[in-house]
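# sequence first, predicted coordinates after that:
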Protein chains: 2
Amino acid sequence: MRQAVAERWGVMEVALPGQSAGNPFTDHTVQGRFTGAREDVTVSGFYDGDGCYRVRFMPSYAGTYHYAVSASFSDTVQEGDFQVIEASPDNHGPVRVSGQYHFAYADGTPFYPLGTTCYVWTQQSDERIRQTLASVKKARFNKIRFCILPKHYDYNLGEPRTYPFEGTPMDSGVLTKENFWQYNGGAPGNRFDFTRLNPAHFQHIEKCILALQSIGVEADLIVMHPYDRWGFSCMDRAADDLYWRYVLARFSAYRNVWWSLANEYDLMKAKTEADWEHYADLIQENDPYRHLRSIHNCGPFYDHARPWITHCSIQRQDLYRTAENTNLWREQYQKPVVLDEIAYEGDIQHGWGNISGEEMLRRFWEGAVRGGYPGHGETYLNDREVLWWSHGGMLRGESWKRIGFLLDILRSVPGNGLRYIQPEWDSVCGVPEDEKIAEQTGYRLYYYSFMRPSFRVFHLDDTNVYHADVIDTWNMTVTDAGDHQGAFRVALPARPYMAVRIHKINGKNP
Amino acid sequence: MRQAVAERWGVMEVALPGQSAGNPFTDHTVQGRFTGAREDVTVSGFYDGDGCYRVRFMPSYAGTYHYAVSASFSDTVQEGDFQVIEASPDNHGPVRVSGQYHFAYADGTPFYPLGTTCYVWTQQSDERIRQTLASVKKARFNKIRFCILPKHYDYNLGEPRTYPFEGTPMDSGVLTKENFWQYNGGAPGNRFDFTRLNPAHFQHIEKCILALQSIGVEADLIVMHPYDRWGFSCMDRAADDLYWRYVLARFSAYRNVWWSLANEYDLMKAKTEADWEHYADLIQENDPYRHLRSIHNCGPFYDHARPWITHCSIQRQDLYRTAENTNLWREQYQKPVVLDEIAYEGDIQHGWGNISGEEMLRRFWEGAVRGGYPGHGETYLNDREVLWWSHGGMLRGESWKRIGFLLDILRSVPGNGLRYIQPEWDSVCGVPEDEKIAEQTGYRLYYYSFMRPSFRVFHLDDTNVYHADVIDTWNMTVTDAGDHQGAFRVALPARPYMAVRIHKINGKNP
């Protein structure tokens, strides 16, 4: 037992020595039961190498707990008590769906996911990993999507730090920009034992999850993905299960984990809908903390209405329109919408990876004002071909500098999150999700996108006094546009990317 | 008879004195029969005021013609012969649909409509009318949409030069920016006699049509529209018919006329589909030259599949996507697609009137590469509130300067017009409409829109040699990108609005 005291939503871990002979990943099981006044949770443990087995638990309440850990290789049950103290100030617990379309931490603090994607940042050098964490913090991203498994794709032809299974990979020296796509799935030359996991790989991912936790960032873990040359994308059911159960046993107790079943599930041709539903079952059986669950598309969406899916994780469907559909997808699936890929700011050859910073930020605001949560990504070419989208490192673009400003605006919305209304055919407008709060505050956030009005006329009612602010989303300024009653005109600078924020003035209401 | 010699696709006009007593617009009819070796055409004339009736005819062939004009007020038939000489070099005849999706003049010269909209430019001062004509010429627009009837709308509250009917209008002094929309259709105070047209109004429109003809510009005449305070949009069937027959009798003989039944037909709530079909019948009965016919929407499209519609005249359906749907609308209606309104470059308050020059040009290229014909418009606010969109005058924006460059690119496409193909999911590409020409020339025009690739890789086949050019659509440059065989890479400047043009090199083909 590493610690006798844990904090609420922290990790209580029980380590126990055990068998290392045979195959400890398949021959043995470990289970822990954690019992407090308000919960009684049984979880599976995992083999961490060097004859060490571990069981992890995240307590949801403060107070005295009892634990009892048993292993298939032993008749002894390891037992004891521990204290769970209140969470420290920066620990708000895991993120949950709040109401129907938004998010909040377990302690009730609203959470507005504005994240980024760096698929295999964990597989880079220590130096680049430090850079990535510093960049994420500087940009104020509060979620990051990344893969547990290594990635094989254009700009991703090198070897990862480690592999998730014991064995040796094919020789990556044969790969070129022209031929890489011919190597997919279990290409010749790979020798992996899909019955033996590599604890070092997962220990490292775990460190990265904790490093993110320490800077208040959610780890949106992509458990499976199609960009593979080692065979990890087309294992059989037994190997998949071994991998999934290991991931769930190791990572579930970290409060900042989200489960993304896959990046681009529909490109994993070896998997069927029955497979995805099976993985979903595994999560629900093995994650007692009910971390957020989603599945991300390349082409057609998975059916986000499935009850196990907590929120829509969406990649753009169209070169032109994506964030603009946020409100429609909310209506369709009746769930929060997270736009996990709306293209990448950058200049690579692919159409998904060469939009401008302005266009990226525009998509953020369109998505946010329509009551969803857009995600960032960057693919700028450079001499070393280190692209944020996969490798992390330094941010080079323009949009990331302006995401924190949007986050502040969202945090200042009364209640928890926005809902889209369309007061006129050419108005994109968010109001507080809660109708009562919307009515009481009169809060409205109009966004004009690439349009460039030199003024707009508002007429909400004849009785209330409204305060107006002009928001320049690109230059990150909020300019007082006065108090008004009846019909009023707000001057705008005839530039794109402007917003107008309006709310009733308290005390002046009739 | 004004002239004994006409040119092919010119106008032969026969004037005859007649009754001015009673109501010459409704009491009398005039008819002319024009007979040549290859055509025999009967048309109605019209009353032009001051006791003068006229009949106009556009001969479609050179040679000797005979005419015979009769009037209900006389027993005499005025007869004679006239010579039709070959068309002068700038006269290519009326524009027709060429093949299925494109246009050509009657003499076979391809025509690529890249037009603009100035709804009531004809109702401005002589000085502004001269400015408009000079601006259209400078921008190399080859089509202009405008109304026959005056317009009442925001920025359009003044009096027109003339009214189409005898009578007096309501006092426009009562109108303000706030109340104008309350005056619509036949507002109180108007006193028009819908049985008596005002020839001066039409004489002036006619002068404008001829002025356009003299600079090679097609007059896309909007016969009806909803923006009205005088009652012209909600006349009864008898008045509508009088107006339509008068318009058809006066203007049909001008080769550069196109018929647009309406601007935003769906906002004319007093009119039913039966009305529109009736007007279409009137055109077909009274325009023997089969000028192009279309009907333009605000919201839902009219059924462009109706046989009398020669081409789709389309207003954007969406704040974001319009030109991007060009190829879909071609497929749906199996007709040429003219994007007569894809929003306006400008800075007014309305969402349809404040896109940037860059966005306007982007929509032009998206529409053109997808095999359609986009239209321009401008709505920049200024001290005098003279907006190109309605008033014409001076162009103030940026997109107009770049339309002629696109026109030159289109003229250089082998064959007559482009057809959309999608070689990759992120390629927007036009090829020659004719499949044989497309195959022979290997011509491809790729357009990258707001995307900013720093290079693209092409691999069309292994045998042909292809020449590549990089086109900067905004800066209007064409840069030689060399000759290539097999797979090749074209460097691009990682800026938006770039295109790549590729074609086989003759003689090097196997």
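Perfect, thanks for sending it. Numbering: from 1, shown residues only, chains lettered A, B, ... in the order given.
# show me chain A divided up by domain.
As given by automatic domain parsing, the domain ranges for chain A are A:5-85, A:95-411, A:418-504.
# so which of those is nearest residue B:411?
domain A:95-411 (27.6 Å; CB to CB). Every C-beta, even on glycine, is put in place using the N, C-alpha and C of the backbone.
# quick one: that closest one to chain centroid distance?
7 Å (CA atoms, centre = their mean, to the nearest Å).
# right, is it up against chain B?
Yes: against chain B, domain A:95-411 shows contacts by CB under 8 Å from any CB of the partner chain at A:178, A:318-321, A:324, A:346-352, A:354-356, A:359, A:381.
# now, of the residues you listed, which are buried?
A:319-321, A:324, A:346-352, A:354-356, A:359, A:381 (16 or more other CB atoms under 10 Å in any protein chain shown).
# rewinding a little: return the most buried member of the domains of chain A.
Comparing those by mean neighbour count (mean count of other CB atoms under 10 Å in any protein chain shown), domain A:95-411 comes out on top with a mean of 20.
# so which of the residues of domain A:95-411 next to chain B sit within helices?
residue A:359 (DSSP state H).
# surely residue A:41 meets residue A:34?
Yes: here residue A:41 lies in contact with residue A:34, judged by CB atoms under 8 Å, at a distance of 4.9 Å.
# what sits in contact with each of the two?
residue A:57 (CB atoms under 8 Å, 6 or more residues apart in numbering or on different chains).
# ok, residues contacting the least confident helix or strand in chain A by mean pLDDT?
When each helix and strand of chain A is scored by mean pLDDT, DSSP states H and E, strand A:5-7 comes last, with a mean of 93. Residues from elsewhere that reach strand A:5-7, judged by CB under 8 Å, 6+ apart: A:12, A:59, A:82, A:83, A:84, A:85, A:86, A:87, A:88, A:91.
# so which of the residues you listed are in helices?
Per DSSP H, the contacts of strand A:5-7 never map to helices.
# for these, which one is nearest chain B?
residue A:91 (41.3 Å; CB to the nearest CB).
# pretty sure that closest one sits against residue A:256.
No: using CB under 8 Å as the test, residue A:91 is too far from residue A:256 to be in contact (9.6 Å).
# tell me where the stretch 201-350 of chain A has helices.
A:237-251, A:273-286, A:326-333 (DSSP state H, counting those that start in this stretch).
# could the ones you listed be laid out in TSV, adding distance to residue B:502 and mean pLDDT?
TSV is the format used below for the helices of the stretch 201-350 of chain A (distance: least, CB to CB, whole Å; pLDDT from 0 to 100):
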stretch	distance to residue B:502	mean pLDDT
helix A:237-251	45	98
helix A:273-286	41	98
helix A:326-333	37	98
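# closest to residue B:225 out of the ones you listed?
helix A:326-333 (32.1 Å).
# give me the contacts around the closest one.
With CB under 8 Å, 6+ apart as the criterion, helix A:326-333 contacts A:101, A:304-305, A:312, A:314, A:336-337, A:339, A:366-367, A:370-372, A:420.
# got JSON lines for these, with pLDDT too?
Putting the contacts of helix A:326-333 into JSON lines (pLDDT from 0 to 100) gives the following:
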{"residue": "A:101", "pLDDT": "98"}
{"residue": "A:304", "pLDDT": "98"}
{"residue": "A:305", "pLDDT": "97"}
{"residue": "A:312", "pLDDT": "98"}
{"residue": "A:314", "pLDDT": "97"}
{"residue": "A:336", "pLDDT": "98"}
{"residue": "A:337", "pLDDT": "98"}
{"residue": "A:339", "pLDDT": "98"}
{"residue": "A:366", "pLDDT": "98"}
{"residue": "A:367", "pLDDT": "98"}
{"residue": "A:370", "pLDDT": "98"}
{"residue": "A:371", "pLDDT": "98"}
{"residue": "A:372", "pLDDT": "98"}
{"residue": "A:420", "pLDDT": "98"}
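# farthest-separated two in the residues you listed?
A:305 and A:366 (23.5 Å).
# isn't residue A:353 up against residue A:342?
No: taking CB under 8 Å as the definition, residue A:353 is not a contact partner of residue A:342, at 11.7 Å.
# how about the strands in the stretch 1-150 of chain A?
In the stretch 1-150 of chain A, the strands defined using DSSP state E, counting those that start in this stretch lie at A:5-7, A:12-17, A:30-35, A:40-44, A:46-47, A:52-57, A:63-71, A:78-85, A:95-98, A:102-105, A:110-111, A:116-117, A:143-147.
# what lines up beside the longest one in the sheet?
Strand pairing for strand A:63-71, using DSSP bridges, gives strand A:30-35 (antiparallel), strand A:78-85 (antiparallel).
# quick one: mean pLDDT over the shortest one.
Read it as strand A:30-35. Confidence over strand A:30-35 (mean pLDDT, whole number) is 98.
# how near is residue A:437 to chain B?
27 Å (CB to the nearest CB, to the nearest Å).
# what's near enough to touch the spatially closest residue to that residue that is not a sequence neighbour?
Using CB to CB, 6 or more residues apart in numbering or on different chains and skipping residues adjacent in sequence, the residue nearest residue A:437 is residue A:415, 4.1 Å away. By CB under 8 Å, 6+ apart, the contact list for residue A:415 reads A:432, A:433, A:434, A:437, A:438.
# repeat that for residue A:113.
Here residue A:113 is in contact with A:95, A:103, A:142, A:143, A:218, A:338, A:373, A:375 (CB under 8 Å, 6+ apart).
# if we can go back for a sec, just the buried ones among the residues of domain A:95-411 next to chain B now: which is nearest residue A:222?
Nearest member of these to residue A:222, counting by CB to CB, is residue A:352, at 16.5 Å.
# quick one: pLDDT of the closest residue to the closest one other than its chain neighbours?
Of all residues not flanking residue A:352 in the chain, residue A:343 sits nearest, at 5.3 Å (CB to CB, 6+ apart). The model reports residue A:343 with a pLDDT of 97.
# show me the contacts for residue A:343.
Here residue A:343 is in contact with A:316, A:322, A:351, A:352, A:353, A:355, A:359, A:360, A:363, A:377 (CB under 8 Å, 6+ apart).
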